[in-house]
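Asks: Coordinates for the following, if possible.
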Amino acid sequence: MQLQSDKAAPISGSSSDVPSNSDQPRNLQRSKWDRNLNNSNMDPKKLKRILSNRLSAQKSRQKKFQYIDEIERKVKALEAEIALLTPQVAVQEHKVALLKMENNFLNQKLASVEEKNGIKDALVEQKRNEVKRLKDIYRLQQQQMQARGMLGWKIGFM
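Replies: Down below sits the predicted model:
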């Protein structure tokens, strides 16, 4: 049965299985769990369960340490990426500020041009109205001259 060989070989695990008190002899440093394994009249099923639980706990601790190491590695990688990207973000924020200033300047210039165009449009409209008024006056004068000329022609031949 495999159980006998498990009983004879001590399970190596983390240092938490055996307290590290160097002034006590090695056999006195064993924990209460190690003492339970040496009990010869222990039920084989219970011994197997204890060993299985220890192995499972050891695997769990190892898995936890691997997980923590992986998380720490990811944190370091992300911190390096942040350190790399932070200056780039600052440069881009500076560019955004410059572009906003340029946009404000261009909006002011556009408003000025629109205002000038509005004034020019008003002047053009005013000139058109003046031209129309002058044309109306000219037509009226032409009509009056034609009316006088016709009237004079009629008076002269009568």
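
Asks: what bits of the chain have low per-residue confidence?
Replies: 1-40, 151-158 (pLDDT under 70).

Asks: Would you state the strands of it in chain order?
Replies: With DSSP state E as the criterion, the chain has no strands.

Asks: In contact with Glu72, which residues?
Replies: By CB atoms under 8 Å, 6 or more residues apart in numbering, Glu72 lies in contact with nothing. For glycine as for every other residue, the C-beta is placed from the backbone atoms N, C-alpha and C.

Asks: can you offset everything so residue one is 2?
Replies: That works, and once the first residue is 2, the last one we named lands at Glu73.

Asks: I'd like the distance between it and Glu103.
Replies: To Glu103, Glu73 is 45 Å away according to CB to CB, to the nearest Å.

Asks: what's the answer for Gln93, then?
Replies: Remark: distance between Gln93 and Glu103 (CB to CB) = 15 Å.

Asks: ditto for Glu126
Replies: Distance from Glu126 to Glu103, by CB to CB: 34 Å.

Asks: phi, psi of Asp44?
Replies: phi -60, psi 130 (degrees, to the nearest 10).
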